[in-house]
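Undergrad: okay, here's the prediction I keep looking at, along with the sequence it came from:
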Amino acid sequence: MKKKPDCIERGYVIGINGHFPGPTIKAQVGDTLHISLSNNLSTNEGTSIHWHGISQHGTPWADGTASISQCAINPGETFHYRFTVDKAGTYFYHGHYGLQRSAGLYGSLIVDLPLDKKEPFHYDSEFNLLLSDWWHNTSLHQELALSSNPFQWIGEPQSLLINGRGQYNCSMAANIVNNNNNATLPQCKFRSDNEECAPEILHVDPNKTYRIRIASTTSLSSLNFAISNHKMVVVEADGNYIDPFEVDDIDIYSGESYSILITTNQNPNNNYWISIGVRGRKPNTPQALTILNYKKTSISSSNIIPNSPPPITPQWNDFNRSKAFTNKIHALMGSPKPPTHYDHRLLLLNTQNLINGYTKWAINNISLVLPQTPYLGSIKFKINAAFDRGHPSDNFSGGYDIFNPPANPNASFGNRVYMFRMNQVIDVILQNANVLSGNNSDIHPWHLHGHDFWVLGHGDGKFKQGYDEKRFNLKNPPLKNTVVIFPYGWTALRFRANNPGVWFFHCHIEAHLHMGMGVIFSEGVEHVKDIPKEALACGLTKKIPMSFFNTTNN
Ligand SMILES: O=C1O[C@H]([C@@H](O)CO)C(O)=C1O
């Protein structure tokens, strides 16, 4: 039996082609990707992979959302994803079945501009960092805990990971005390590049500019990213160019991605900490660290540790600081502007409730339970029995007190769909509120499939119709696919329903989605053609004769 290196806490992880994280997919705008996904999971679960941030325009069945765009891919089955990437940017892919993202099913997806196009900023080289979090409990344990009565929260992660690497049960600060890296705890010894648990060290040349792509596929954690002694210029958010601004550190919520530029203008004889730490929720996870190494400086294990302490992660609940960062993000001059008016507005109240004693999350008092038959098929082929065809509520009672636990804690399950007409301009006001018990309000990063949306603004307290619209930024609101709602606050977004398909809109905290924190949007499904039969081979669409498909599927 090979001696277990002292750095490993063994556990179950989902790999792709034997790798964790999954392989980085690199493409150019206009490329059509053909990705065959074979389910060889030993846990005998279904699976699907979502290409986070990719519009899937014309290929809504490739969005990778089990029960929405396709059937879950059963053990032993293969599903062929074929889609075109139509926008450059920093993206990622991840499992969208159960809590498989938490189990490690993710990887980076980078879309470059065509060779004849230039980015609106200069850099000499680039790095790609995929941030995530890690529990020692398996994702199946977590599913069980969340579905138990009494409710068991999954707890905060044991580790934060950078490109799948992290430390456990030791803050690297343990090393700072003695600089020659003979750490207090053996598992805290900082490892150089080649060892099994070594973090990925970024090796740089002095006086160069580097683009660092950062995406967060965390299952729960909101993170703050910083590099000692190096300021950073933010130039991209969720695949959209933004008006560059310089900061010491960035906040990044689950589902978001950024590109920052750093210039290596510091003392080249030193190394510098790269740090991610938890914000937004009371932390119980050490910061994850790796190193920015100026190549002039050798990284022999003796002097690998920077001679200054790691960055201090800002106070987790300093939400004014968080809002100040978020409010710095504006679209780059020349970006598409939002329509000046909306056709249809949704006010979606986020509450934590009880259903038959189980703790769930609900939107306008409905906790989402996905149907057996994927919506795309049942809407395309008008199979009315597949889900509740009623209209979900567009708003919530004006008298709702967002500052206290719900007076009536009960909610209901549902699977209704918000149906939009093609090209309607949709406004969504996401309203946060107090949780089920105690005085607390969680942050929630909301992610929309199939679209980018303009973030028109954030506000505190309850959204006041007819008044808060005056604060909307219609001049240069950022385009994003994920946006945070702050405790006891609201966030306003606008998008055009111009992408035929059925699209998930949900909290990107995996446990919250699992507890029902999502809604379904549908638009222009009558224009969807050629749905592959593998996307329909389950539930009620499974029983439709192929001949019927062939007549109505084109
Ligand atoms: O959904 C959640 O449940 C717990 C807590 O609210 C109840 O235990 C928590 O921190 C969440 O984000």
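TA: Cool, got the structure.
Undergrad: the stretch 401-550 of the chain against the ligand: which residues are in contact?
TA: Residues of the stretch 401-550 of the chain lying near the ligand by C-beta under 6 Å from any ligand atom: Val435, Asp442, His512. Any C-beta I mention is one placed from the backbone N, CA and C, and that applies to glycine too.
Undergrad: thought Asn434 was touching the second one, still the case?
TA: No - taking contact to mean C-beta atoms under 8 Å, the distance of 9.6 Å between Asp442 and Asn434 leaves them out of contact.
Undergrad: compute the number of surrounding residues for the residue in the stretch 51-200 of the chain positioned nearest to the ligand.
TA: Residue nearest to the ligand within the stretch 51-200 of the chain (C-beta to the nearest ligand atom): Trp153, separated by 3.9 Å. Look at Trp153: counted by other C-beta atoms under 10 Å, it has 10 neighbours.
Undergrad: what do you get for Asp124?
TA: 13.
Undergrad: ditto for the one 5 residues further on
TA: The local packing of Leu129 (other C-beta under 10 Å) involves 22 other residues.
Undergrad: and it, bridged to which residues?
TA: Beta-bridge pairing for Leu129 (DSSP bridges): Ile214.
Undergrad: so which bits of this structure are right by the ligand?
TA: Checking the chain against the ligand by C-beta under 6 Å from any ligand atom, the hits are Trp153, Gln352, Val435, Asp442, His512.
Undergrad: of those residues, buried ones?
TA: Gln352, Val435, Asp442, His512 (16 or more other C-beta atoms under 10 Å).
Undergrad: the strands in the stretch 201-350 of the chain, which residues?
TA: 202-204, 209-216, 222-227, 232-237, 240-247, 249-252, 257-263, 271-279, 288-294, 344-355 (DSSP state E, counting those that start in this stretch).
Undergrad: quick one: the closest residue to Ala407 other than its chain neighbours and the ligand, what's the gap?
TA: Spatial nearest neighbour of Ala407, chain neighbours left out: Asp401 (7.1 Å); criterion: C-beta to C-beta, 6 or more residues apart in numbering. Distance, Asp401 to the ligand, by C-beta to the nearest ligand atom, to the nearest Å: 18 Å.
Undergrad: run through this protein and note the low-pLDDT ranges.
TA: 1-9, 169-197, 297-303 (pLDDT under 70).
Undergrad: at 90 what do you get?
TA: 1-11, 166-201, 286, 295-309, 533-535, 537, 539-554 (pLDDT under 90).
Undergrad: ok, the residue nearest the centre of the chain - contacts?
TA: Nearest to the mean C-alpha position of the chain, by C-alpha atoms, centre = their mean, lies Gly255 at 1.6 Å. Residues near Gly255 by C-beta atoms under 8 Å, 6 or more residues apart in numbering: His52, Ser216, Thr217, Pro445, His447, Asn481, Thr482, His508.
Undergrad: tabulate the residues you listed (CSV), appending distance to Ser139, neighbour count and secondary structure.
TA: Below are the contacts of Gly255 laid out as CSV (distance: C-beta to C-beta, whole Å; neighbours: other C-beta atoms under 10 Å; DSSP: H, G, I helix; E, B strand; the rest coil):
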residue, distance to Ser139, neighbour count, secondary structure
His52, 18, 27, strand
Ser216, 18, 26, strand
Thr217, 14, 28, coil
Pro445, 19, 23, strand
His447, 19, 23, strand
Asn481, 24, 27, coil
Thr482, 21, 23, strand
His508, 16, 28, coil
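Undergrad: and of those, the nearest to Ala88?
TA: The closest of the contacts of Gly255 to Ala88 turns out to be Asn481 (C-beta to C-beta; 14.1 Å).
Undergrad: ok, now how distant is the closest one from Gly501?
TA: 15 Å (C-beta to C-beta, to the nearest Å).
Undergrad: one more: Thr285?
TA: Taken as C-beta to C-beta, the span from Thr285 to Gly501 is 36 Å.
Undergrad: and whatever residue of the stretch 201-350 of the chain ends up closest to the ligand, how many neighbours?
TA: Nearest residue of the stretch 201-350 of the chain to the ligand (C-beta to the nearest ligand atom) works out as Arg281 at 6.9 Å. Taking other C-beta under 10 Å as the criterion, the count of residues near Arg281 is 17.
Undergrad: just to revisit the earlier point, same drill for Thr285 and Gly501, tell me which one is more crowded.
TA: Gly501 (30 against 24).
Undergrad: need phi/psi at the more buried one.
TA: Per-residue torsions, Gly501: phi 160, psi -170 (degrees, to the nearest 10).
Undergrad: of the buried ones among the residues of the chain next to the ligand, which belong to strands?
TA: Taking DSSP state E, the ones among these that sit in strands are Gln352.
Undergrad: what is the burial count for His94?
TA: 27.
Undergrad: how close does it sit to Ile14?
TA: His94 is 10 Å from Ile14, by C-beta to C-beta.
Undergrad: quick revisit: list just the nearest of the residues of the chain next to the ligand to Gly239.
TA: His512 (23.7 Å).
Undergrad: circling back: mind listing which of the residues of the chain next to the ligand are in helices?
TA: His512 (DSSP state H).
Undergrad: out of the residues of the chain next to the ligand, who's nearest Trp61?
TA: Of all these, His512 has the smallest distance to Trp61: 25.8 Å, by C-beta to C-beta.
Undergrad: the closest one: what's it in contact with?
TA: Trp361, Asp442, His444.
Undergrad: the same query, at a cut-off of 6 Å, please.
TA: By C-beta atoms under 6 Å, 6 or more residues apart in numbering, His512 lies in contact with Trp361.
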